[in-house]
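A.B. asks: got a predicted structure here, sequence first:
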Amino acid sequence: MSLDPKVVVALDFANQADALAFVEKIQPSQCRLKVGKEMFTHFGPEFVKTLTARGFDVFLDLKFHDIPNTVAKAVAAAAELGVWMVNVHASGGTQMMRRAKQELERFGDKAPLLIAVTVLTSMGAEDLQELGIEKTPEQQVLALAKLVQKSGLDGVVCSAQEAQLLKQTLGADFKLVTPGIRPEGASSDDQKRIMTPPEAVSVGVDYLVIGRPITKADDPAAVLEQINRSLQS
Ligand SMILES: O=C(O)c1cc(=O)[nH]c(=O)n1[C@@H]1O[C@H](COP(=O)(O)O)[C@@H](O)[C@H]1O
């Protein structure tokens, strides 16, 4: 059990009944929940409200990437929903990020954390080269994370492999949220830059996004307990 859970479970279900059946098995003290594009497109804001009504902090992972005005209005809509965290793509640029952060000021201490995606954890060096980016994933993550911090956001989504460098460079308060987390022995699925939960915390990760290893488990509460215990030792 943890009062400030570090694990954020990625609720990537195609069906609301299955998602809610899963949520029934776990507690807000064990984890936060991430609602992404698939579930939000299927089930919309009402689904998010159902989760917050059950006491869960929700990370609305819609990775906004558009002109500054549109993204600012979208993050404000997320704040109105009462989510705990929302994200944009850092590659949308500093103007887009600054404008989004400014828009959240009117929500005061009810404003969600605003973070930005750097390089997706499913991408490696060859994928960046294909996009014309010659930097290594680590160099590209650092360059984007500096822009995110300069724009006043609360942190970034990155892989745990870059966490140590980012914490050293950007300071302890800049939040690091990392998908691509796999408990020892779990399948890596389509993730390329992965790390185990205790390793991730030891290099400075603040929040661990974990999906399939928990959502596809027969006993998700037990897997969560095991992960939370591994983080304490
Ligand atoms: O923003 C994200 O959450 C995200 C960014 C990223 O770089 N990589 C990544 O996997 N994610 C999300 O993190 C979750 C990972 O799920 P699993 O691979 O099942 O643990 C998915 O919901 C992805 O959409």
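C.D. replies: Arrived safely.
A.B. asks: got the contact list for whichever residue of the chain sits closest to the ligand?
C.D. replies: Residue nearest to the ligand within the chain: G211 (2.5 Å; CB to the nearest ligand atom). Using the backbone N, CA and C atoms, a C-beta is placed for each residue, glycine as well. By CB atoms under 8 Å, 6 or more residues apart in numbering, the residues touching G211 are 9-12, 34, 179.
A.B. asks: equivalent analysis for V141, please.
C.D. replies: By CB under 8 Å, 6+ apart, the residues touching V141 are 118-119, 156, 158-159, 162, 166.
A.B. asks: point out the least confident one among these.
C.D. replies: Across the contacts of V141, the smallest pLDDT goes to S159, namely 90.
A.B. asks: ok, that residue touching G180?
C.D. replies: Yes: S159 lies in contact with G180 (CB atoms under 8 Å); the separation is 4.9 Å.
A.B. asks: who's more crowded, those two?
C.D. replies: S159 (27 against 24; other CB atoms under 10 Å).
A.B. asks: which stretches of this structure form helices?
C.D. replies: Remark: helices assigned in the chain by DSSP state H are 16-24, 37-53, 68-81, 94-104, 125-130, 137-150, 163-170, 197-202, 212-215, 220-232.
A.B. asks: so for the first one, mean pLDDT?
C.D. replies: Mean pLDDT, helix 16-24: 96.
A.B. asks: alpha carbons of it, as CSV, please.
C.D. replies: The C-alpha trace of helix 16-24 is given here as CSV (Å, rounded to 0.1, in the frame of the first residue of the first chain):
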residue,chain,number,x,y,z
GLN,A,16,-15.6,0.0,-20.8
ALA,A,17,-17.1,-3.0,-18.9
ASP,A,18,-13.7,-4.7,-18.9
ALA,A,19,-12.0,-1.5,-17.8
LEU,A,20,-14.4,-1.0,-14.9
ALA,A,21,-14.2,-4.7,-14.0
PHE,A,22,-10.4,-4.2,-13.8
VAL,A,23,-10.8,-1.0,-11.7
GLU,A,24,-13.0,-2.9,-9.2
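A.B. asks: who touches that helix?
C.D. replies: With CB under 8 Å, 6+ apart, helix 16-24 has contacts from 11, 13, 33, 39, 42-43, 47, 50-51, 54, 56, 215, 220.
A.B. asks: go on, the second one?
C.D. replies: Contacts made with helix 37-53 from outside it, assessed by CB under 8 Å, 6+ apart, are listed as 11-16, 19-20, 23, 33, 35, 58, 60-63, 81-83.
A.B. asks: please indicate which of the residues you listed are buried?
C.D. replies: Those of the contacts of helix 37-53 that meet the buried threshold are 11-13, 19-20, 23, 33, 35, 58, 60-63, 81-83, by 16 or more other CB atoms under 10 Å.
A.B. asks: where does this protein have low pLDDT?
C.D. replies: Confidence mapping of the chain against pLDDT under 70 gives the ranges 1-3.
A.B. asks: burial count for I67?
C.D. replies: By other CB under 10 Å, 12 other residues sit near I67.
A.B. asks: could you check how far it is from R99?
C.D. replies: Distance of I67 to R99, given as CB to CB, to the nearest Å: 9 Å.
A.B. asks: do L113 as well
C.D. replies: When distances are taken as CB to CB, L113 and R99 turn out to be 17 Å apart.
A.B. asks: give me the subset of the contacts of G211 that also touch the ligand.
C.D. replies: When contact is defined as CB under 6 Å from any ligand atom, those meet the ligand at 10, 12, 179.
A.B. asks: wait, the last one touches Q191, no?
C.D. replies: If I follow you right, that is P179. Yes: if you go by CB under 8 Å, P179 and Q191 touch, sitting 7.2 Å apart.
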